[in-house]
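# can you look at this prediction? I've put the sequence above it.
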Amino acid sequence: MKLELLGKKLGMSQVYDADNNLVPVTIIEAGPCPVLQVKTGDKDGYSAIQIGFNPNGKSPNKANSCKKGHAKKANVSAQQISQEIRLSDDHDFKQGNVITVEDFKEIKMVDVVSKTKGKGFQGVVKRWNFAGGPASHGSMFHRRGGSYGLCQWPGRIFKNKKMPGHMGDVSRTTQNLQVVKVLPEKNLVLIKGSVPGHKGSILTLRVAKKSRK
């Protein structure tokens, strides 16, 4: 069965494994995620489920009437965040089911989909690791990108040219991360290594697609 959970990155820490090795881990608050809606091929043209998530500190009472009415159909409280998961037609999810971290107890490897930290508008030195020009006085070429023009023909800048612009705040998938520990009573998952995003960022936790373990 395809398992996915919405979660929140709480930060990093370190724990000892069974061999007494110190392992750096990312602490993720994952779920519980109720199934708000089940979509079928006959009715909607494709098969999927919609899950919800309420991060700590966000009261369901702060949701608008649309979210409250949508959650009421599944007999669950209003959810601040929702996401759709594509599935095959042979799944057994039903409206109102709840997916928790306990379902990940037997999972060894996971993928994490999250957004990177936003860096704002940056120049080519920080954004693309350009070397820049001489730092001495009078060079007039310190942290610039160099020549961009292409004369009269073709009279434009080619697509994908490395230039200054917005950096970060894009979706990234980190694959094959090892699950170190699952704490169902606290809805926490400890994953070896780091994942993109700032503390408190919302992410998607799923069973690894390319793992051989």
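Arrived safely. Residues are numbered from 1 along each chain as shown.
# which residues touch the residue nearest to residue 53 when sequence neighbours are not counted?
Among residues not flanking residue 53 along the chain, residue 6 sits closest, at 3.6 Å (Cβ to Cβ, 6 or more residues apart in numbering). In this view, the C-beta of every residue, glycine as well, is placed from N, C-alpha and C. The contact partners of residue 6, by Cβ atoms under 8 Å, 6 or more residues apart in numbering, come to 30-31, 33, 51-53, 81, 83, 202-205.
# now residue 110
Contacts of residue 110 by Cβ under 8 Å, 6+ apart are 104, 177, 179, 189, 191, 205-208.
# now rank these by neighbours and give me the top one.
In terms of neighbours by other Cβ atoms under 10 Å, the contacts of residue 110 top out with residue 189 at 28 neighbours.
# flag the shaky bits of this protein, pLDDT-wise.
Applying pLDDT under 70 to the chain flags residues 1, 56-61, 212-213.
# ranges for the helices of it?
Assigned by DSSP state H, the chain shows helices spanning 41-44, 65-72, 124-128.
# just send these back as CSV, with distance to residue 140 and mean neighbour count too.
Below are these laid out as CSV (distance: least, Cβ to Cβ, whole Å; neighbours: other Cβ atoms under 10 Å):
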stretch, distance to residue 140, mean neighbour count
helix 41-44, 60, 10
helix 65-72, 56, 14
helix 124-128, 16, 15
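# what's the burial count for residue 159?
Neighbours of residue 159 using other Cβ under 10 Å come to 5.
# residue 188 now?
17.
# so what's it up against?
10, 27-30, 101, 182 are the contacts of residue 188 under Cβ under 8 Å, 6+ apart.
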